[in-house]
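Undergrad: Build the 3D model from these lines:
(2 chains)
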Amino acid sequence: MSGDVTMPAKSLGGLSRRWVLGAAGLAGAALVSGCDGQFKQTVGTVPAKYAKREHLVYWHSFGGGNLKALQTLTDKFNDSQQDIFVELQFQGTYEQAMQKLAAAIVAKQIPDMVLLSEITWRKMHLADALEPFNDYFDADLSPDMFIDQFIDEGTVQGKLWWIPFARSTPLFYFNRTLFEKAGLPSAGPESWEDLLEWAPAIMAQKTKAGNPRVLALGSLYASWYLQSNVWTWGGNYSHGLDVTFDTAPNVAAGQWMVEFIRKHNAAYLSDKMDQDMATGLAASYLSSTGSLKQATTNAKGGGYEVGTAFLPRHNGAFGCPTGGSGIGIVRYVPKTKKQAAWQYIKFLGRSENSAYWTVNTGYLPVVKAARQEPELIKATKDPNYLTALRQLPLTKPQDLVRLVVSGAGDMMDQGLTKLYSSNASVSDVFGRLNKQLRSRADLIRKSYQAHYG
Amino acid sequence: MRNLTTPVKYLGLLVVLLLAIVPIYWLLAASVTPEEKIFQFQWFPTTLEWKNYVDGWTSAPFAALYRNSIIVTLLGALLQICVALMSSYAFAFLRFPAKNVVFTVFLGAMMVPGTVVLMPNYLTIAKLGWVNTYAGIIIPHVGSVFAMFLLRQHMLTLPREVTEAAKVDGANHLRVLWSLVVPMSRPMVVTVMVVALVEKWNDFVWPLVSTSTDSMRTLPVGLLMIKNADGFTNWGAVMASSVFIVLPVLIVFFIAQRHIIAGLTAGATKG
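TA: Numbers count the residues shown, from 1 in each chain, chains lettered A, B, ... in the order given. Next comes the predicted model:
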């Protein structure tokens, strides 16, 4: 076995070994640095029966049941006409997909459409990577057919860059059975003050895990949920790019939550909020509207009824941020592909398809007419589902700093996690965050001013 | 004294056994738990939900995922060990200019985190047209400084007389490497091989970035496709799919157990 490994250097045809190695290295370097300057489509596969069509690649971040629903809609689109084939390519989380898009643009091998979150589309817009949609609208699909605040959120300087698709807002989930046993209204709390007043009654109840706490707070997206508190206390994370994180109303909102945690022992930082309610550790939590199916399934296993309510108010004021994702078309794609992509977006924007997507995923309807679709009307027989739809008109986009400044959301989540889980003072944490966010905001100020005016 | 320590030893063994077994048991138990019971604490599932396995299998193209993972893991580990063997041989036995400088640079490269080279690697394979190919997944990680370093350190401990005697007998470098150095370094080669196999099998970020279509994805990427970032996740199916991923590794481990343990310990006891 070992005897046949004999290849003396001479067999390389008289050339010295070093020369060959050097030449190979140079050739490799030349290959790598050789740019042809033309954008082309990233790799994909087209089934034989769609071979002659315009091939579109759509990068998305859906898994599980959401992916199944999107695949069903996309198959339906592909079979509904003879000219276009849309290929779905899963690219990990929204952040991973954005990073890959950035790399793909540098490598000039790009997808045609990308699913971007409320945060990642802003980055791609600042990087001039998106195509504005204004000129594509026609009688079949016009901006006013979409729910207004979703279109507003995707619009900068009069141009629409981001088509709403899988949109969500936070919602208040609670263990209704437990609330009723404690003699509290089964509709849930109206305000944070209600919740504080009810805390002793809730925590006196017995569950499988002992006495529950009132509210489980998450670490992931903590700043998405706290946006609501900050607004209702009269504050803002920022005005445009001017960070106002350490202003008095924000600190007051943070202080209320901190006292709810530390003084009243009613809330706590949880690793898995929905799981904690299922096991009886918590009586309520804040989560995305898309989590209703999970909450209902958990409730079935735990033998209780789940309830949903608007986010709690404070002094009568209400605030609820939007979240989720939408579709962007990559600017560098040839005109014909952009037109084809628009046909696909138009298909997704039909009321029956929007309703199908909503019913099968739990995301909010993005098209107004979807709310009249029989499929959706049937689903809203569940009053919990209706809560999200009723809350929708009262929602608005988050303060810009969390959306535009790179890493802002993570930074804020980390600060809030520390606040929820230690004895740090609110003014310290918010003051430091304010400074960090400001210096990060300065990095993009020029580009921001160029794009947002 | 001996009578007293034996029960203590067994108790210790039992604790370690439980620590190792419980997570695996949990995985298996959760994989047959119905979706609504998944967050209810129970040591033994009351009903067995085998549908989770069907759901898991159908929510991602597992046949293709398996094929790709096996190809990428085997080929990747094999190439990596070949490169590591040859380069470590060069550093241990050959004389060439600036050897120590080159070696130091290599060691420095070991300190660079993988995320830093992700983008350059992607651009390189994109220019080569290797996106979504096996070459694209495998080639950028063929050179492992860590493997080279481990093997070199071991090769330096081998007696020089043996290799010099072989040279006198007319053996060239490849012959010395293959017939003498590799057999004498077997424990270390096995160790490096195991590390490489586990690393490739579990690698997530690079296969995610370097491939695009379902037909080229590997198992860890497939697992992500079953989970949902927000919204509903069928945890039973996720657990069942995790079993698909763990199973081959477990089987390989049970078959090769003796060699792996021998490989990990032989180096320590051999003088």
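
Undergrad: can you pull out the helices in the stretch 1-150 of chain B?
TA: B:2-31, B:51-59, B:62-93, B:99-110, B:114-127, B:134-138, B:145-156 (DSSP state H, counting those that start in this stretch).

Undergrad: Can you lay out these as TSV showing distance to residue A:449 and mean neighbour count?
TA: Yep, even glycine has a C-beta here, placed from its N, CA and C like the rest. Formatted as TSV, the entries for those read as follows, by distance: least, C-beta to C-beta, whole Å; neighbours: other C-beta atoms under 10 Å in any protein chain shown:
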stretch	distance to residue A:449	mean neighbour count
helix B:2-31	52	11
helix B:51-59	46	18
helix B:62-93	46	19
helix B:99-110	40	12
helix B:114-127	28	16
helix B:134-138	40	21
helix B:145-156	45	20
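
Undergrad: Give me the buried positions along stretch B:185-193.
TA: By neighbour count, with 16 or more other C-beta atoms under 10 Å in any protein chain shown as the criterion, the buried positions of stretch B:185-193 are B:185, B:187-193.

Undergrad: Show me those residues that map onto helices.
TA: When helices are assigned by DSSP state H, the members of the buried residues of stretch B:185-193 inside them are B:187-193.

Undergrad: for those, which one is nearest chain A?
TA: The shortest gap between chain A and any of these belongs to residue B:189, at 14.7 Å (C-beta to the nearest C-beta).

Undergrad: The closest one - nearest residue in space that isn't next to it in sequence?
TA: Once flanking residues are discounted, residue B:189 sits nearest to residue B:182: 6.4 Å by C-beta to C-beta, 6 or more residues apart in numbering or on different chains.

Undergrad: ok, the one you found touching residue B:190?
TA: No: with the criterion set as C-beta atoms under 8 Å, residue B:182 and residue B:190 do not qualify as a contacting pair; they are 11.0 Å apart.

Undergrad: and residue B:43, which of the helices of the stretch 1-150 of chain B is closest to it?
TA: Smallest distance to residue B:43 across those (C-beta to C-beta): 7.8 Å, for helix B:2-31.

Undergrad: Which elements pack onto that closest one?
TA: Using 3 or more C-beta pairs under 8 Å, 6 or more residues apart in numbering or on different chains; DSSP states H and E as the contact criterion, the secondary-structure elements in contact with helix B:2-31 are helix B:51-59, helix B:235-269.

Undergrad: Which residues of the stretch 151-271 of chain B lie near chain A?
TA: By C-beta under 8 Å from any C-beta of the partner chain, the part of the stretch 151-271 of chain B that sits against chain A consists of B:172, B:174-175, B:178-179, B:208-209, B:212-215, B:217, B:221, B:224-234, B:237.

Undergrad: same thing but 7 Å
TA: Contact residues (C-beta under 7 Å from any C-beta of the partner chain) of the stretch 151-271 of chain B with chain A: B:172, B:174-175, B:178-179, B:208-209, B:212-213, B:215, B:224-234.

Undergrad: on that earlier part again, I'd like to know which of the helices and strands packed on helix B:2-31 lies nearest to residue A:271.
TA: Put simply, out of the helices and strands packed on helix B:2-31 the one that sits nearest residue A:271 is helix B:235-269, at 14.5 Å, with distance taken as C-beta to C-beta.

Undergrad: List the buried residues of the closest one.
TA: Within helix B:235-269, the residues that qualify as buried are B:235-245, B:256, B:260, B:263, B:267, counting by 16+ other C-beta under 10 Å.

Undergrad: Backbone dihedrals for residue A:244, please?
TA: Reported as degrees, to the nearest 10, the phi and psi values for residue A:244 are phi -130, psi 40.

Undergrad: mind checking how far it is from chain B?
TA: As judged by C-beta to the nearest C-beta, to the nearest Å, residue A:244 and chain B stand 28 Å apart.

Undergrad: now that residue: how far from residue B:98?
TA: 57 Å (C-beta to C-beta, to the nearest Å).

Undergrad: And for residue B:246?
TA: Between residue B:246 and residue B:98 the computed distance is 45 Å (C-beta to C-beta).

Undergrad: How about residue B:169?
TA: The spacing between residue B:169 and residue B:98, counted by C-beta to C-beta, is 31 Å.

Undergrad: hang on, the earlier thing: and the ones in helices among the buried residues of stretch B:185-193 as CSV, adding pLDDT?
TA: Formatted as CSV, the entries for those read as follows, by pLDDT from 0 to 100:
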residue, pLDDT
B:187, 83
B:188, 86
B:189, 89
B:190, 85
B:191, 84
B:192, 89
B:193, 88
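
Undergrad: Neighbours of residue 211, how many?
TA: You didn't pick a chain, so chain A it is. The local packing count at residue A:211 equals 13, with neighbours defined by other C-beta atoms under 10 Å in any protein chain shown.

Undergrad: look at chain B instead
TA: Quick note: residue B:211 (other C-beta under 10 Å) scores 24 neighbours.

Undergrad: How about the contacts made by the residue nearest to it when sequence neighbours are not counted?
TA: Residue nearest to residue B:211 in three dimensions, not counting chain neighbours: residue B:132, with 5.0 Å by C-beta to C-beta, 6+ apart. If you count contacts by C-beta atoms under 7 Å, 6 or more residues apart in numbering or on different chains, residue B:132 has them with A:43, B:211-213, B:216.

Undergrad: Show me what from the stretch 301-450 of chain A comes close to chain B.
TA: A:301-302, A:361-362.

Undergrad: make it 8 Å
TA: Taking C-beta under 8 Å from any C-beta as the measure of proximity, the stretch 301-450 of chain A contacts chain B at A:301-302, A:361-363.

Undergrad: pLDDT score for residue B:153?
TA: Predicted confidence (pLDDT) for residue B:153: 91.

Undergrad: Look up how far residue B:13 lies from the residue in the stretch 51-200 of chain B positioned nearest to chain A.
TA: Closest approach between the stretch 51-200 of chain B and chain A, counting by C-beta to the nearest C-beta: residue B:126, at 3.5 Å. Using C-beta to C-beta, one obtains 52 Å as the distance from residue B:126 to residue B:13.

Undergrad: same deal with residue A:135?
TA: Between residue A:135 and residue B:13 the computed distance is 73 Å (C-beta to C-beta).

Undergrad: From the centroid of the chain, which residue is nearest?
TA: No chain in the question, so chain A it is. By C-alpha atoms, centre = their mean, chain A has its centre lying nearest to residue A:324, at 3.6 Å.

Undergrad: looking at chain B here, not the other one
TA: In chain B, the centroid-proximal residue (C-alpha atoms, centre = their mean) is residue B:198; its distance is 1.5 Å.

Undergrad: ok, that residue - contacts?
TA: Residues counted as contacts of residue B:198 (C-beta atoms under 8 Å, 6 or more residues apart in numbering or on different chains) are residue B:249.

Undergrad: Which helix or which strand is home to it?
TA: Element membership of residue B:198, judged by DSSP states H and E, is helix B:186-202.

Undergrad: Centre of the chain to that helix, how far?
TA: Going by C-alpha atoms, centre = their mean, to the nearest Å, the spacing between the C-alpha centre of helix B:186-202 and its chain's C-alpha centre is 6 Å.

Undergrad: got a list of what residue B:135 touches?
TA: For residue B:135, the residues meeting the contact criterion (C-beta under 8 Å, 6+ apart) are B:125, B:128.

Undergrad: doesn't residue A:100 make contact with the residue of the stretch 51-200 of chain B closest to chain A?
TA: No: with the criterion set as C-beta under 8 Å, residue B:126 and residue A:100 do not qualify as a contacting pair; they are 10.9 Å apart.

Undergrad: thinking again about what came up before, wait, is the residue nearest to residue B:189 part of a helix?
TA: Yes: looking at residue B:182 with DSSP: H, G, I helix; E, B strand; the rest coil, it is inside a helix.
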